[in-house]
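Student: Here you go, sequence then predicted model.
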Amino acid sequence: MKKTIIIIACALLSCAAVNAQEAATTPRKVNYQSKATLRPTHNEFNLSYGISTFTKIGAKSRVPVEVGSQFGSAKSTGAIALEYQHYSNNGRFAFGGLLAYEHLDCKINDLVTSASGTKKIDYICVMPSIKSIWVNQAHMSFYSHVAAGVLIDASKSGSGGFAFQVDPFGMDFGGDKFRGFVQLGFGNLGIVQAGIKTCF
């Protein structure tokens, strides 16, 4: 599993390097706003933290329990995600992929002895993503964000499957190189996500 994560991370970094090289030789075209109002970026990496994830909310149906036991509750670290995206020439869309991690501590109750135990589960999400920008100003933008892919159970204590994230509203703010952002939606990254990004 560690080898898989390393390979995915290297692939994302390689894509970023190639796109950055192309961006250096190809001027960005803007056909819907003046260039003075747009930040001159082609690529971005962002690091985010999300709470109230679908993985935690749906833990009761996802985590298997033995006969005579009952699922109690789940505590989550929240979702930590690293994402890379490359902007289209007109600045309206960005395409890329993300890698996310979340740890769950699930309380399991024994119905016979009334004792309880804890299952520790590590989930990894690998998802391609797309962003549609509605407003793209020099120091602030508003957008929608969607991602879908695979949920991997790294601990083999739960179950994997389909992963997704739908964010109808997103906002970033800051300078040309570094920006903060907030996203509101639902999925494996959480109902509320916040983080920082670097643009280049």
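Tutor: Cool, got the structure. Fair warning: this is a prediction, and the values are worked out from it, not measured in the lab. Numbers count the residues shown, from 1 in each chain.
Student: so where's this protein shaky on pLDDT?
Tutor: By pLDDT under 70, the weakly predicted segments of the chain are 1-41, 62, 64-68, 111-114, 157-158.
Student: Each with direction, which strands does the lengthiest strand in the chain pair with?
Tutor: In the chain, assigned by DSSP state E, the strand with the most residues is strand 116-136. Sheet pairing of strand 116-136 (DSSP bridges) gives strand 93-110 (antiparallel), strand 140-153 (antiparallel).
Student: Dump those strands into TSV; add mean neighbour count and distance to Gly175 as well.
Tutor: All C-beta atoms are positioned from the backbone trio N, CA, C, and that covers glycine. Output for the strands paired with strand 116-136, formatted as TSV (neighbours: other C-beta atoms under 10 Å; distance: least, C-beta to C-beta, whole Å):
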stretch	mean neighbour count	distance to Gly175
strand 93-110	19	18
strand 140-153	18	11
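Student: picking up where we left off before, using PDB, write out every CA atom in the longest strand of the chain.
Tutor: Output of strand 116-136 as PDB, limited to C-alpha atoms (Å, rounded to 0.1, in the frame of the first residue of the first chain):
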ATOM      1  CA  SER A 116     -16.600  -2.800  24.000                       C
ATOM      2  CA  GLY A 117     -13.600  -2.700  21.700                       C
ATOM      3  CA  THR A 118     -12.200  -0.400  19.100                       C
ATOM      4  CA  LYS A 119     -11.500  -1.100  15.400                       C
ATOM      5  CA  LYS A 120      -8.900   1.200  13.900                       C
ATOM      6  CA  ILE A 121      -9.400   1.900  10.200                       C
ATOM      7  CA  ASP A 122      -7.300   3.800   7.700                       C
ATOM      8  CA  TYR A 123      -8.900   5.000   4.500                       C
ATOM      9  CA  ILE A 124      -7.200   6.400   1.400                       C
ATOM     10  CA  CYS A 125      -9.100   8.200  -1.400                       C
ATOM     11  CA  VAL A 126      -7.700   8.500  -4.900                       C
ATOM     12  CA  MET A 127      -9.900  10.800  -7.100                       C
ATOM     13  CA  PRO A 128      -9.600  12.700 -10.400                       C
ATOM     14  CA  SER A 129     -11.100  16.200  -9.900                       C
ATOM     15  CA  ILE A 130     -12.500  19.100 -11.900                       C
ATOM     16  CA  LYS A 131     -13.200  22.700 -10.900                       C
ATOM     17  CA  SER A 132     -15.500  25.200 -12.700                       C
ATOM     18  CA  ILE A 133     -14.600  28.800 -11.900                       C
ATOM     19  CA  TRP A 134     -17.500  31.300 -12.000                       C
ATOM     20  CA  VAL A 135     -15.600  34.400 -10.900                       C
ATOM     21  CA  ASN A 136     -11.800  34.700 -11.300                       C
END
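Student: Thank you, goodbye.
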